[in-house]
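Trainee: Turn this into a model:
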Amino acid sequence: MVAHTPTLFASVALVATIMAFCLILVAQYNQRDGVLTTGVGLLAHAAAYVCYTLYGHAPLWLTYGAANTLLSIALGYYAISVYRIRDLTVPWLPVFSLPLVMSVLMALLIESLELRMLAASLVLILQCLLIVRLAYRYSEPGGRAQVLLIIGGSISLIGLGMRVVAILLGGATEMQYNVSNLTQTISVSIGTATVMMYSLGLVLLSKERSESKLQHMAHRDVLTGMLNRRAILERFSDELEHAHLARTSLAVALIDIDHFKQINDAYGHLAGDSVLVHCARHLSRRLRHSDIIGRYGGEEFLVLLPSTDTAGALAVLDALRVSLAHTPAAVDGQSIPVRFSAGLWCGIPEAGDSTAKLIAKADVALYDAKASGRNTVCLSPAGPADSAACANDSLEVPG
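Mentor: Residues are numbered from 1 along each chain as shown. Modelled structure (predicted):
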């Protein structure tokens, strides 16, 4: 079925205008999520197709040169939207260098039918490839937005490819914007699908990004950026179940910054916050990839060492203790020494063991570490009559 080409252009312009109005209206509440730039791109897209409808009734510089430049600008704004949504630095100049190239080529080649059509198509192809690349690279893991963006870009490439093939085969006159034929109908109709997929894909990408941020905030401690109490306990529950089923050893440690109240009193609470951040980063960077750490509360950190026996766990924690003791926190030009005490439980979890029960055992060992003079790692006693085994600067680490 062959459709009237100017009518198709008008339909695409109408769809783009309506979607642009909706997005720009919504974007007033948040101008940093990429929705506003998507709406601006849709407006440029609509303006380009309005110019196309005037082909043959207005000057070429408007109906072809300005129209294709506007379409190139629209694709540029779609690319910018991806950067905005991902909170990345926007490379304005590189992205909009292609619309600039488009405008120059249209000015130079406006009187040459085949050359101007090929030049316009090739620039638009490059921009569609850029959008597909950005969608693939910057989409959220497991997200669905990239599917729409990649399909939209691919459909655009198909439509533009049809135009290039027709031009190279000598059919440039049949691809002018006021000519109606089957190839033209398919090529222009693709524009409608492209507008919808680009706009919906970018909106969905923004939504997925917002959800990812919220999920991150729900599981991360605001101050230190590490797992918060809820998240570390969830991971603990998973690790406990795995260790019980696999019959593997699990080490659980509670770390407490020594004399943290004195640090707050001497240097102020802001400095105390900086010390906590310093400790969190120091400990996180020196743990193994398989180990897990989170802020349990206040100046306490919960550390999980999967598949680690007693000797290995004590060695890891004592190495952390020594390392932190030799790395004071630098706050406002001041060097603040930091020490910690730790209580450790280690073993193969039994059916009756729970996260609360094992944390309580580690907490008892932490109490023993503080009672032993702090700056110490103590192992939870195996039985009620046993005493805690501790390691500090003056004691050997138990094997």
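
Trainee: What are the boundaries of the strands in this structure?
Mentor: Using DSSP state E, the strands of the chain run over 250-257, 292-297, 300-306, 329-331, 334-336, 340-347, 377-379, 389-391.

Trainee: Out of these, which is the most enclosed?
Mentor: Scoring the strands of the chain by mean neighbour count under mean count of other CB atoms under 10 Å gives strand 377-379 as the most buried, with a mean of 30. (Glycine included, C-beta is placed from N, CA and C.)

Trainee: Could you list every helix and strand in contact with that one?
Mentor: When contacts are defined as 3 or more CB pairs under 8 Å, 6 or more residues apart in numbering; DSSP states H and E, strand 377-379 packs onto helix 310-325, strand 340-347, helix 355-371, strand 389-391.

Trainee: Pick the most buried one from these.
Mentor: Most buried of the helices and strands packed on strand 377-379 by mean neighbour count (mean count of other CB under 10 Å) is strand 340-347; its value is a mean of 26.

Trainee: mind giving me JSON lines with the strands of the chain and columns for mean pLDDT and distance to residue 182?
Mentor: Formatted as JSON lines, the entries for these read as follows, by pLDDT from 0 to 100; distance: least, CB to CB, whole Å:
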{"stretch": "strand 250-257", "mean pLDDT": "96", "distance to residue 182": "68"}
{"stretch": "strand 292-297", "mean pLDDT": "94", "distance to residue 182": "61"}
{"stretch": "strand 300-306", "mean pLDDT": "96", "distance to residue 182": "63"}
{"stretch": "strand 329-331", "mean pLDDT": "93", "distance to residue 182": "71"}
{"stretch": "strand 334-336", "mean pLDDT": "93", "distance to residue 182": "76"}
{"stretch": "strand 340-347", "mean pLDDT": "95", "distance to residue 182": "74"}
{"stretch": "strand 377-379", "mean pLDDT": "94", "distance to residue 182": "78"}
{"stretch": "strand 389-391", "mean pLDDT": "66", "distance to residue 182": "82"}
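
Trainee: all helices of the chain, in order?
Mentor: With DSSP state H applied, the chain shows helices at 5-27, 35-53, 60, 67-85, 92-109, 113-138, 145-168, 182-219, 229-246, 260-267, 269-286, 310-325, 355-371, listed in chain order.

Trainee: I'd like to know which of the ones you listed has the weakest mean confidence.
Mentor: When these are compared by mean pLDDT, helix 182-219 comes last with a mean of 80.

Trainee: just checking, what packs against it?
Mentor: The elements that helix 182-219 packs onto, with contact taken as 3+ CB pairs under 8 Å, 6+ apart, are helix 5-27, helix 35-53, helix 67-85, helix 113-138, helix 145-168, helix 229-246.

Trainee: tell me which residues in that helix are buried?
Mentor: Within helix 182-219, the residues that qualify as buried are 183-185, 187-209, 219, counting by 16 or more other CB atoms under 10 Å.

Trainee: So residue 202 is in contact with residue 146, correct?
Mentor: No: taking contacts as CB atoms under 8 Å, residue 202 lies outside contact range of residue 146: 10.8 Å.

Trainee: Against residue 125, how distant is the closest residue to residue 180 other than its chain neighbours?
Mentor: With CB to CB, 6 or more residues apart in numbering as the criterion, residue 180 has its nearest non-adjacent residue at 4.7 Å, and that residue is residue 5. To residue 125, residue 5 is 21 Å away according to CB to CB, to the nearest Å.

Trainee: higher neighbour count, the two?
Mentor: More crowded of residue 5 and residue 125, by other CB atoms under 10 Å: residue 5, with 23 against 17.

Trainee: which phi and psi does the nearest residue to residue 60 once chain neighbours are set aside have?
Mentor: What sits nearest to residue 60 in space, not counting adjacent residues and going by CB to CB, 6+ apart, is residue 110, at 5.4 Å. When quoted as degrees, to the nearest 10, the phi and psi of residue 110 stand at phi -60, psi -30.

Trainee: pLDDT value on residue 1, please?
Mentor: Here, the pLDDT recorded for residue 1 equals 69.

Trainee: again but with residue 383, I slipped
Mentor: As summarised for this prediction, residue 383 has a pLDDT of 50.

Trainee: Tally up the residues packed near residue 242, please.
Mentor: Residues contacting residue 242 under the criterion other CB under 10 Å number 14.
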